[in-house]
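Asker: Here is a sequence with its predicted model. Questions after.
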Amino acid sequence: MSTATIPSSTDSVRQDARIISLEGVAHAVSHFFHLILAPLFPWLKEAFAVSYAELGLLMTAFFVISGVGQALSGFVVDRVGARAVLFFGMACLATSGLVLSIAPNYLILLLGSMLAGLGNSVFHPACFTILNKRVSAARLGYAFSVHGFSGNLGWAAAPVFLTTIASLSSWRIALLAAAFIPMAVLLLLFVNRDLLQTHDAHHIHASHSKEQAASSSTFSFMRVPAIWMCFAFFFVTALALGGIQSFSSASLRSLYSMPLAWATAGYTTFMVASACGMVWGGFLAAKATRHDRTIAFAFISSGVITMIIAGGFVPSWMAVALMGAVGLGSGVAGPSRDLLIRAAAPKNATGRVYGVVYSGLDIAMSVAPLLFGALMDSSHPSWVFICIGMFQLMAIFTAVSVGSGTEKRQASLQTA
């Protein structure tokens, strides 16, 4: 192995910090484009004379394409390297912004949304492969913490950025301005491209591995039960998140007869606390050895508190505060979740594993608005929070199953 791959302690810290920062910026752009259209719905509805159902289809198309593309892009990452795939995804996001900004009709809006979904699909397989291959193992917990925190920043920035520009100018100018964000970040990534190279390091690291023979087949990782439990974990947790993002504000208004500003503050409190929880979770994950236990503690807390909110018997101000507690628990689980997946992934299949596992997130995000919307249409606002809590508690079972299965698999490999 060349000395370039074994930097000194000080150089290693600096290199890890740069890689984590670059990946964090890229992930923030990905989450920014999750909301590239939703904040502009009032303008788009008027401009194209479309229904809310047609506007909702734009988001469904985004997540369907992203979910399918995410599962497939992991295979490409493992074959050609994460860096090239990440560059492709960033270029797709930039192009989608341009297409959306000049869209003459609804069909082109739909095409632009699908292109954004394609660009978004590569980020988790590419970014997690870069982090796992290029960041020191001792700092991976912090890396995953920054990853989650930066994603939340992207979600928070998009509505402010887009609605402000649309109000001052037009929705087309807002989308055009948004297109320049991934362009600038793509340039930044290209300038630092040597730090993002994974393919050569991948082959060196994989040599003489006990799992190499088990991972030699492209699809052999799909025979590992822990991978599908990871998928289930992402599916149920994303269902909970989708319910919070879509209808928690509406449910709070119905349950507590609170004004819209208070209900919106509840969701904002959840997001801010979730971001803080990810920072705290990074420190916990860096020191823990059983990440499933951290996840279990976090989601037991969140699930129970969500059920309290569903009861509707606490004061309105307390319901808003409890939304923050739910977000804190969800955030704390994030870094441990990503380290749990890393431990479950066979060697040589990092990109494929993250692609398949994270596709559960996109699938759930496409389903959640339909499920929770039906509950609201049926005048059952409390069931929105009951289901959110149930999904969070279900996640504990999947996390513990992954942790136990991974521990047994690693023990069998050591004795083989």
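Answerer: Cool, the structure landed. Numbering: from 1, shown residues only.
Asker: which one is G329 nearest to, not counting chain neighbours?
Answerer: S302 (3.3 Å; Cβ to Cβ, 6 or more residues apart in numbering). Where C-beta positions appear, they are placed from N, C-alpha and C, glycine not excepted.
Asker: Which residues are in contact with the one you found?
Answerer: Contact analysis of S302 by Cβ atoms under 8 Å, 6 or more residues apart in numbering lists 325-326, 328-330, 389, 392.
Asker: quick one: which two of the residues you listed are the most distant?
Answerer: Taking Cβ to Cβ, the two most distant members of these are L328 and G389; they sit 14.9 Å apart.
Asker: what residues are up against the residue found closest to G69 once you drop the neighbours it is linked to in the chain?
Answerer: Once flanking residues are discounted, G69 sits nearest to S121: 2.9 Å by Cβ to Cβ, 6+ apart. By Cβ under 8 Å, 6+ apart, the residues touching S121 are 65-70, 72-73, 89, 362.
Asker: Lowest pLDDT pick from those?
Answerer: Minimum pLDDT across the contacts of S121 is recorded for D362, with 83.
Asker: Enumerate every residue touching that residue.
Answerer: 63-64, 66-67, 70, 121, 238.
Asker: Restricted to strands, list these.
Answerer: Counting by DSSP state E, no part of the contacts of D362 is found in strands.
Asker: Now which of the residues you listed would you call buried?
Answerer: 63-64, 66-67, 70, 121, 238 (16 or more other Cβ atoms under 10 Å).
Asker: And these, which two are furthest apart?
Answerer: Counting by Cβ to Cβ, the most remote pair of those is S121 and A238, 14.9 Å apart.
Asker: if I look at L58, how far off is L35?
Answerer: According to Cβ to Cβ, to the nearest Å, L58 stands 12 Å off from L35.
Asker: So between those two, which is more surrounded?
Answerer: Under the criterion of other Cβ atoms under 10 Å, the comparison of L58 against L35 puts L58 first, with 23 against 20.
Asker: Which strand or helix spans the more buried one?
Answerer: helix 52-80 (DSSP states H and E).
Asker: Packing partners of that helix?
Answerer: Contacts defined by 3 or more Cβ pairs under 8 Å, 6 or more residues apart in numbering; DSSP states H and E place helix 52-80 against helix 41-48, helix 82-101, helix 106-120, helix 123-134, helix 350-377.
Asker: List the buried residues in it.
Answerer: Using 16+ other Cβ under 10 Å as the test for burial, helix 52-80 gives 55, 57-78.
Asker: how distant is that helix from the center of its chain?
Answerer: On the basis of Cα atoms, centre = their mean, to the nearest Å, helix 52-80 sits 13 Å off its chain's mean C-alpha point.
Asker: and the angle from that helix to helix 41-48?
Answerer: If you take axes from the mean of the first three to the mean of the last three Cα atoms, to 10 degrees, helix 52-80 sits at 110 degrees to helix 41-48.
Asker: now the angle from helix 52-80 to helix 350-377?
Answerer: Computed by the same axes, to 10 degrees, the angle between helix 52-80 and helix 350-377 is 170 degrees.
Asker: Can you mark which positions in stretch 101-113 are buried?
Answerer: So for stretch 101-113, counting by 16+ other Cβ under 10 Å, buried means 101, 103, 106, 109-113.
Asker: Over to stretch 20-39?
Answerer: 20, 22-39.
Asker: just the helices and strands packed on helix 52-80: most buried one?
Answerer: Stretch with highest mean neighbour count among the helices and strands packed on helix 52-80: helix 123-134 (a mean of 28; mean count of other Cβ atoms under 10 Å).
Asker: helices or strands next to that helix in the packing?
Answerer: helix 9-34, helix 52-80, helix 82-101, helix 140-168, helix 199-206, helix 316-344, helix 350-377.
Asker: Find the nearest non-adjacent residue to M222, please.
Answerer: V356 (7.4 Å).
Asker: Over to H147?
Answerer: Closest to H147 by Cβ to Cβ, 6+ apart is H27, at 5.5 Å.
Asker: before we move on, what about F299?
Answerer: Per Cβ to Cβ, 6+ apart, closest to F299 is Q392, 4.7 Å.
Asker: Check the contact between that neighbour and G303; I expect there is one.
Answerer: Yes. Assessed by Cβ atoms under 8 Å, Q392 is found in contact with G303 at 4.0 Å.
Asker: which of those two has more neighbours?
Answerer: With neighbours defined as other Cβ under 10 Å, Q392 and G303 compare such that Q392 has more, 28 against 21.
Asker: Report pLDDT for R223.
Answerer: 73.
Asker: State the distance from it to A184.
Answerer: 42 Å.
Asker: Could I get the full set of helices for the stretch 201-350 of the chain?
Answerer: 212-215, 225-256, 260-287, 291-311, 316-344, 350-377 (DSSP state H, counting those that start in this stretch).
Asker: With K133 as the reference, name the closest of the ones you listed.
Answerer: helix 350-377 (7.3 Å).
Asker: what's the angle from that closest one to helix 225-256?
Answerer: Using the same axes, to 10 degrees: helix 350-377 against helix 225-256 is 30 degrees.
Asker: Might you list the low-confidence residue ranges for the stretch 201-350 of the chain?
Answerer: 201-221, 347-350 (pLDDT under 70).
Asker: pretty sure A61 contacts L118?
Answerer: No. In this structure A61 lies outside contact range of L118 using Cβ under 8 Å: 10.5 Å.
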